[in-house]
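>>> only geometry, no sequence info:
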């Protein structure tokens, strides 16, 4: 079975859209022409049909269980990606008199901040630019105004490979972009005012965005906001204010089912993710003159392992052999260069081991 | 295998998401685990990968050919559905001193108007409410200000089943919501300032929206618009300002390929759509005391055939037998009741004939 995958499919380290669980892809394939009982493909079903409503409800129920959601939060499934959230969040939550605070630990935090500035008063509570975004701050030590409209963080910076490893405890409502590490570990959801994630990095295909919002924050939105941009439109209509991205929601539900039924929940997923990341970082640390890790050790991402070489020739050499080894999409983001191995939930340990073997072999040849 | 599919699938008259061509579904199924040459599912590919860029370019090239796009327009593939366009259009195109004009011929036009009113000055050039939205106006006879910011129409009202059958010639930039009849006939694209369509009615799955915009209109957008809401963000980044809905774009491209290569283009598609609609309207007209058509004959939609009965008991009787006859999703929209048979591009003549046969048999039993 590993052989067949090696000849057809590669181990795909894309940062997003990214690898999905094979059993999920197989189920989609098998149900493509006819969702059992529906007499049509899931893509062809009216979003108001009982068959699709069941798919939608199942996806939401599974996500709610995985996140530990209770009565205090709403779960929304939207379009527009995190980029649309960068605007929706300040448009809905910003009180003019109480600036929002932003902690910037990488490229996505910078993008979120730029959009918020268009909407109203924001302050930068921390920006790790001087270190070239190789760490996250000790948030407890920052002078964050208790009455800030909210505090925005990016839990995992995909491009730089730095990550907050805990649920932050802060006084203002915590707004966290968890796009690139969504569902990689259990959460203390009560600490979050708003959590959002585009699905295509760790939870499904591109085209659906999960938003979890604390109900009291919904009172802040102005009725005159553009309809799609008002969280209340979507809450009132149970995420069917307009036609939802039905196929993407179906896949999101299948991935959540895989997490619950096959992996065994987020504790298990977290253990596996820690083990996978350790395999790669151990190789990086074993050859420090060859592999130059980007992030400080204690802030290394479990999702995106980033490193570079002392010169471009070695990097070309490294990348030149990966395709033949069945390893794809390892080049770092164009904005920072180097190597980025994204090892999201659906990347199996076998793929990580194959990359680690390749890295060790490469180091042996270059020593 | 073909037999199994035939017994499992029904003829699906859903108004959207709606029927897709079977060969498209079969190709998606066959490529689900591995897009040829890509070593991964299309859903798992980075939107920046050469494999997905080829998918994206192919979809855009095919749509451009079908629409007859030249140098004057940009083609964008976005998220958020037509609902997001209802806000984006006035946010980008409305000059405060020059109100936009709206022609309202059904439910979707009303929704578009409501969002525009939140943004700025709009005027209602025509509203067919008094007739319960059973027709479209003679636009040439309306007193439309030549210097209006734009004139908004809904080419086909899905719920009421009324349709403009021509490309309107008007002085202000024509903005047309073609969501529910997109690609059902050829267009004189030079008459359009902006044309938009969510894909899930006539062109693909829910989750991708096609926007065609005349380049000179792009100069109107304010730099301070929320990034996702500014058409220029998407033009500058070739619809990759954020991660596009990659799978939905792949399917949109396959449907465009089916239109070009299997159907033989939009002229052929239009002929087939006219023939299909005639089959159903002929039955409606043959039993006028049983089937009460909603739209005036000359404004009947080729996409959504709407009719009702003189009492609810007959309607229940009619709907009670459709599932066994292999005909699904015929109930009219909850806001207007009655029957709605949506016969989009992908509905084969065989499905229309099956419904016509059912309607004739039903009429015979009820005479």
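That came in fine, so what should we check first? Please read all numbers here as calculations on a predicted model, not as lab measurements. Residues are numbered from 1 along each chain as shown, chains lettered A, B, ... in the order given.
>>> Now do the SS call for residue A:103.
Classification of residue A:103 using DSSP: H, G, I helix; E, B strand; the rest coil returns strand.
>>> neighbours of it, just the number please.
24 (other CB atoms under 10 Å in any protein chain shown). The way it works is simple: take the backbone N, C-alpha and C, and place the C-beta from them, glycine included.
>>> ok, now residue A:222?
A count of neighbours around residue A:222, defined by other CB under 10 Å, yields 10.
>>> Same check on the one 4 residues further on?
With neighbours defined by other CB under 10 Å, the count for residue A:226 comes to 22.
>>> which residues of the stretch 251-367 of chain A fall in helices?
Taking DSSP state H, counting those that start in this stretch as the criterion, the stretch 251-367 of chain A contains helices spanning A:266-286, A:312-320, A:349-366.
>>> didn't residue A:168 look like it was pressed against residue A:195?
No: the pair formed by residue A:168 and residue A:195 falls short of the contact definition of CB atoms under 8 Å, at 11.4 Å.
>>> neighbour count winner among those two?
Between residue A:168 and residue A:195, counting by other CB under 10 Å, residue A:195 is the more crowded of the two (25 against 17).
>>> circling back: got the helices of the stretch 251-367 of chain A as a markdown table, with mean pLDDT columns?
As requested, the helices of the stretch 251-367 of chain A are exported to a markdown table (pLDDT from 0 to 100):
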| stretch | mean pLDDT |
| --- | --- |
| helix A:266-286 | 98 |
| helix A:312-320 | 95 |
| helix A:349-366 | 97 |
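>>> Can you give the domain ranges for chain A?
A:25-263, A:265-366 (automatic domain parsing).
>>> For residue B:341, find the nearest of those domains.
Evaluated over the domains of chain A, closeness to residue B:341 peaks at domain A:25-263, with 13.3 Å, by CB to CB.
>>> residue closest to the middle of chain A?
Closest to where the C-alpha atoms of chain A average out (CA atoms, centre = their mean) is residue A:180, at 2.0 Å.
>>> Look up the pLDDT of that one for me, please.
Looking at residue A:180, its pLDDT stands at 97.
>>> Residue A:8 now?
On the pLDDT scale, residue A:8 gets 83.
>>> For it, list the residues it contacts.
B:33, B:34, B:39 (CB atoms under 8 Å, 6 or more residues apart in numbering or on different chains).
>>> What of residue A:188?
Neighbour list for residue A:188: A:68, A:167 [criterion: CB under 8 Å, 6+ apart].
>>> one more time with 6 Å, if that's ok
residue A:167 (CB atoms under 6 Å, 6 or more residues apart in numbering or on different chains).
>>> for residue A:37, same thing?
Per CB under 6 Å, 6+ apart, neighbours of residue A:37: none.
>>> make it 8 Å
Applying CB under 8 Å, 6+ apart to residue A:37 gives the contacts residue A:51.
>>> what helix or strand does it sit in?
Assigning secondary structure by DSSP states H and E places residue A:37 outside every helix and strand.
>>> next one: phi and psi at it?
Phi and psi for residue A:37, reported as degrees, to the nearest 10, are phi 90, psi -10.
>>> Could I get the pLDDT score of it?
92.
>>> ok, back up a step: is it correct that the residue nearest to the centre of chain A is in contact with residue A:156?
Yes: with contact defined as CB under 8 Å, residue A:180 reaches residue A:156; the gap is 4.6 Å.
>>> Can you name the residues of the stretch 251-367 of chain A sitting close to chain B?
Neighbours of chain B within the stretch 251-367 of chain A, by CB under 8 Å from any CB of the partner chain: A:251, A:328, A:329, A:334.
>>> re earlier: anything in contact with each of residue A:180 and residue A:156?
Common contacts of residue A:180 and residue A:156, defined by CB under 8 Å, 6+ apart, comprise A:303, A:304.
>>> Could you say which helix or strand holds the residue nearest to the centre of chain A?
Using DSSP H and E, no element contains residue A:180; it sits outside every helix and strand.
>>> now the one 3 residues further on
Counting by DSSP H and E, no helix or strand carries residue A:183.
>>> Which residue lies closest in space to it, excluding its sequence neighbours?
residue A:203 (5.6 Å; CB to CB, 6 or more residues apart in numbering or on different chains).
>>> Over to residue A:177?
Using CB to CB, 6+ apart, the closest residue to residue A:177 is residue A:154 (4.6 Å).
>>> again with residue A:284
Residue nearest to residue A:284 in three dimensions, not counting chain neighbours: residue A:291, with 4.4 Å by CB to CB, 6+ apart.
>>> Need the phi and psi values for residue A:11.
Torsion angles, degrees, to the nearest 10, at residue A:11: phi -80, psi 120.
>>> Give me the below-cutoff pLDDT ranges for the stretch 201-350 of chain A.
Counting by pLDDT under 70, the stretch 201-350 of chain A contains no low-confidence segment.
>>> Show me where it has its strands.
Using DSSP state E, counting those that start in this stretch, the strands found in the stretch 201-350 of chain A span residues A:209-214, A:292-293, A:304-308, A:327-328, A:339-342.
>>> Could I get those in JSON lines, plus columns for mean neighbour count?
Output for the strands of the stretch 201-350 of chain A, formatted as JSON lines (neighbours: other CB atoms under 10 Å in any protein chain shown):
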{"stretch": "strand A:209-214", "mean neighbour count": "23"}
{"stretch": "strand A:292-293", "mean neighbour count": "17"}
{"stretch": "strand A:304-308", "mean neighbour count": "25"}
{"stretch": "strand A:327-328", "mean neighbour count": "22"}
{"stretch": "strand A:339-342", "mean neighbour count": "26"}
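>>> would you turn the ones you listed into TSV with distance to residue B:147?
Supplementary listing: the strands of the stretch 201-350 of chain A in TSV, determined by distance: least, CB to CB, whole Å:
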stretch	distance to residue B:147
strand A:209-214	39
strand A:292-293	61
strand A:304-308	52
strand A:327-328	55
strand A:339-342	52
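>>> Can you say which of the ones you listed is nearest to residue A:126?
Smallest distance to residue A:126 across these (CB to CB): 20.3 Å, for strand A:304-308.
>>> could you say what helices and strands the closest one packs with?
Other helices and strands packing on strand A:304-308, by 3 or more CB pairs under 8 Å, 6 or more residues apart in numbering or on different chains; DSSP states H and E, are helix A:266-286, strand A:292-293, strand A:339-342.
>>> Paired strands for the shortest one, with orientation please.
What that stands for is strand A:292-293. Strand pairing for strand A:292-293, determined by DSSP bridges: strand A:304-308 (antiparallel).
>>> now the strand it pairs with and helix A:349-366, what's the angle there?
10 degrees (axes from the mean of the first three to the mean of the last three CA atoms, to 10 degrees).
>>> just to revisit the earlier point, hey, which of the helices and strands packed on strand A:304-308 is tucked in deepest?
Highest mean neighbour count of the helices and strands packed on strand A:304-308: strand A:339-342, a mean of 26 (counted as mean count of other CB atoms under 10 Å in any protein chain shown).
>>> which residues touch that one?
A:13-16, A:18, A:158-159, A:161, A:201, A:280, A:303-309, A:315, A:318-319, A:329-333, A:355.
>>> Stretch A:118-130 now?
By CB under 8 Å, 6+ apart, stretch A:118-130 touches A:87, A:90-91, A:94, A:96, A:98-106, A:113, A:116, A:134-137, A:139, A:142-145, A:148, A:151, A:162, B:224-227.
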